[in-house]
Each structure stands twice: as structure tokens, then as C-alpha cells.
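Undergrad: Below are the sequence and a predicted model; questions follow.
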Amino acid sequence: MIRATRRVLALGLVLLLGALGCVPLQGSDSSPATPLPPTAPGSATPRSGPDIEQSEPDIKESGSDIWQPPPGTTWQWQLKETIDTSFDVTMYDIDLFDAPQATIDQLHNDGRIVICYFSAGSWENWRDDASAFPEEVLGKALDGWPDEKWLDIRQIDQLAPVMTARLDLAVTKQCDGVEPDNVDGYANDSGFPLSGADQLAFNRWLAQQAHDRNLSIGLKNDLDQIPDLVGDFDWALNEQCYEFDECDTLLPFVQAGKAVFGVEYSGDPADFCPRANAANYSWLKKNLDLDAQRLDCLDQRAAISLYLPSILRP
């Protein structure tokens with residue numbers, strides 16, 4: 001029997017941790033306290049370096065071994081600086097071009113899934129393949145990012161050689177999946193009369209091309225089209241939906257048994273972490289430049305699981 005005083009202590013601790021929102025850990029993450037759903041069908045183990053051919057991309061039957069993470073999957077997102085590989089998480093999301101092969105190999109050796117980031121909807125003037133984009137597909141600069149321009153995603157035939165080469169590079173570098181960015185140009189001032197139907201066609205083409213190469217693929221932002229695209233993508237990734245009060249739009253992914261990864265760059269974790277955890281999202285607070293710094297909302301659930309058993313012990 002649990003004594004009344006211990007009930008009060010336990011309740012007080014739960015309320016306190018809920019108010020704090022998150023408990024940042026240095027260097028590693030604990031597992032979530034609540035049981036996670038079983039691994040979704042089609043989940044994959046990390047690609048193994050010695051077993052992957054380096055000379056030619058390994059294009060396999062679609063859906064044969066594609067990573068489909070369940071809700072509550074732990075992760076780290078780092079696109080700048082030397083990758084800190086010390087976090088005990090399931091998935092790392094790193095830059096396709098900048099991440100050294102040795103880093104990808106180390107993450108795989110540590111049992112991590114590796115997702116590789118690239119921009120599918122914008123031209124970046126610093127990338128090695130920047131000259132491969134035809135001039136006619138380059139539109140207006142992205143707001144706040146003067147070195148990037150929106151792409152005319154209606155011209156899939158013009159973009160296909162570059163995008164498929166990037167997906168082939170992801171296979172060659174042994175990435176387990178990809179995170180294509182800026183796939184919501186139709187909702188921005190791109191310089192082109194892009195429609196929602198244009199965006200759906202391009203995004204579905206990307207997903208099919210990734211799956212044809214046995215790569216997992218996430219839907220980045222593009223919230224309004226989630227009902228149409230949740231069946232085409234393996235997981236979702238969002239930025240700042242709590243800041244803009246639009247996180248409920250991501251629920252179809254969780255309802256489909258697929259992970260929702262997300263970040264906030266501002267705001268109080270004590271406010272958004274409990275809500276993210278209740279929705280079974282995988283939420284971080286990060287610096288805007290996406291360096292190694294992180295605060296993981298799932299650590300809150302881990303902290304509760306660590307402390308409650310000792311308090312509730314008769």
C-alpha cells in the first residue's frame with residue numbers, strides 16, 4: 001500500500017516536472033518513460049559500411065527495407081560544425097554534402113539511423129552542384145536567406161537530374177534516409193505561380209524517387225498538405241509549430257503510426273514540452289544555426305520514470 005504522504009510527494013514531483021517542462025541532459029538521452037509503440041512495419045537497421053557497394057547507387061525494390069520510425073523516436077539534428085556523435089538517440093539528421101563519410105560510419109557503428117539533409121525546393125549558391133541548375137528554374141531569394149533561391153518545382157524534368165544525383169549520393173554515402181527541405185514553395189513568394197497541385201506532384205515525385213532507392217523520407221513543414229501526403233512519407237519534421245500554434249496539423253502522422261520530429265528556436269520548454277510529449281511528438285529546442293546544442297523534451301518523461309519508482313516504493 002502506498003502511504004498518503006508518498007502519494008502527495010509523488011503528485012508534487014509530477015506537477016513540478018510538468019512545470020519545468022524539460023530536463024536537459026549533457027551528452028546523452030534517456031529512453032522515454034512511457035512505452036513506445038512497436039516498430040512500424042518496414043523499419044530498418046542502419047546501413048552497414050562494409051556491406052554497401054560504393055561504386056554504384058544501390059537501387060532496390062521500393063519498400064523492401066525502408067526506415068519508418070514510430071512516434072516518440074529519439075533524435076538529434078545538427079547541420080553545422082563538427083558532428084557531436086555522443087548523444088544516445090535513435091536517429092541523427094545531418095547534412096548530405098558536409099557530413100564526412102567517417103562520421104556517418106561512426107554513427108552506424110554506434111547503432112544510429114542516419115538521415116541526410118538537402119534542400120529540394122531551393123537553389124543554394126555554395127553547393128558543389130549549384131552550376132547544374134538551369135537558370136530558368138531559379139526564382140526569388142528566400143526571405144532571410146539571400147544566398148538561396150526558390151526553384152520552379154513545376155519543371156520536374158529540369159530538376160530531376162540534380163535531385164536524383166543527390167539521392168544517389170545519399171545512397172553512396174550510406175544514408176538511411178533523406179530530409180528534403182523547402183518543399184512548400186507554393187505557399188511562399190517564390191517568383192513562380194506555383195499551385196498546391198504543383199507542390200503535391202513534386203513532393204510525391206521526391207518520395208517515390210527516395211523509396212525507389214530504399215531511402216526513408218520525411219515531409220518537412222508543408223503543414224497544409226499533410227492530409228494528402230501522410231501516406232507518401234515515412235515521418236514528418238517541423239520547425240516552430242508551437243510558436244505559430246499549428247501543431248495539431250501534424251497529428252495525422254502520429255495517427256498513422258509515424259514519428260513527428262520537431263524543433264522550437266524560441267519559447268519556454270516548460271510550455272511546449274508537455275504538449276509535445278502529450279502528442280507523442282519528438283521535440284527539441286535548438287539554436288537557429290542547428291549546431292550540436294539541444295534540449296530534448298523526451299528527457300522530461302525519462303526523469304519522471306527515474307524518480308517515481310523510488311518515491312512510490314512501499
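TA: That came in fine, so what should we check first? Note that this is a predicted model, so its numbers are computed, not measured.
Undergrad: Now do the strands in the protein.
TA: Per DSSP state E, the chain carries strands over the ranges 75-77, 91-95, 113-119, 122-124, 138-142, 145-151, 177-181, 216-220, 235-239, 260-264, 282-285, 295-296.
Undergrad: Make JSON lines out of these and add distance to residue 273, mean neighbour count and mean pLDDT.
TA: (C-beta placed from N, C-alpha, C; glycine too.) Supplementary listing: the strands of the chain in JSON lines, determined by distance: least, Cβ to Cβ, whole Å; neighbours: other Cβ atoms under 10 Å; pLDDT from 0 to 100:
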{"stretch": "strand 75-77", "distance to residue 273": "15", "mean neighbour count": "25", "mean pLDDT": "98"}
{"stretch": "strand 91-95", "distance to residue 273": "19", "mean neighbour count": "22", "mean pLDDT": "98"}
{"stretch": "strand 113-119", "distance to residue 273": "23", "mean neighbour count": "24", "mean pLDDT": "98"}
{"stretch": "strand 122-124", "distance to residue 273": "31", "mean neighbour count": "21", "mean pLDDT": "98"}
{"stretch": "strand 138-142", "distance to residue 273": "29", "mean neighbour count": "18", "mean pLDDT": "98"}
{"stretch": "strand 145-151", "distance to residue 273": "28", "mean neighbour count": "18", "mean pLDDT": "97"}
{"stretch": "strand 177-181", "distance to residue 273": "22", "mean neighbour count": "25", "mean pLDDT": "98"}
{"stretch": "strand 216-220", "distance to residue 273": "21", "mean neighbour count": "26", "mean pLDDT": "99"}
{"stretch": "strand 235-239", "distance to residue 273": "15", "mean neighbour count": "24", "mean pLDDT": "98"}
{"stretch": "strand 260-264", "distance to residue 273": "9", "mean neighbour count": "25", "mean pLDDT": "98"}
{"stretch": "strand 282-285", "distance to residue 273": "7", "mean neighbour count": "25", "mean pLDDT": "98"}
{"stretch": "strand 295-296", "distance to residue 273": "8", "mean neighbour count": "22", "mean pLDDT": "98"}
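Undergrad: I'd like to know which of these lies nearest to residue 190.
TA: The closest of those to residue 190 is strand 145-151. By Cβ to Cβ, the value is 3.6 Å.
Undergrad: still on that earlier bit, how about the strands of the chain, which one is nearest residue 202?
TA: strand 145-151 (9.0 Å).
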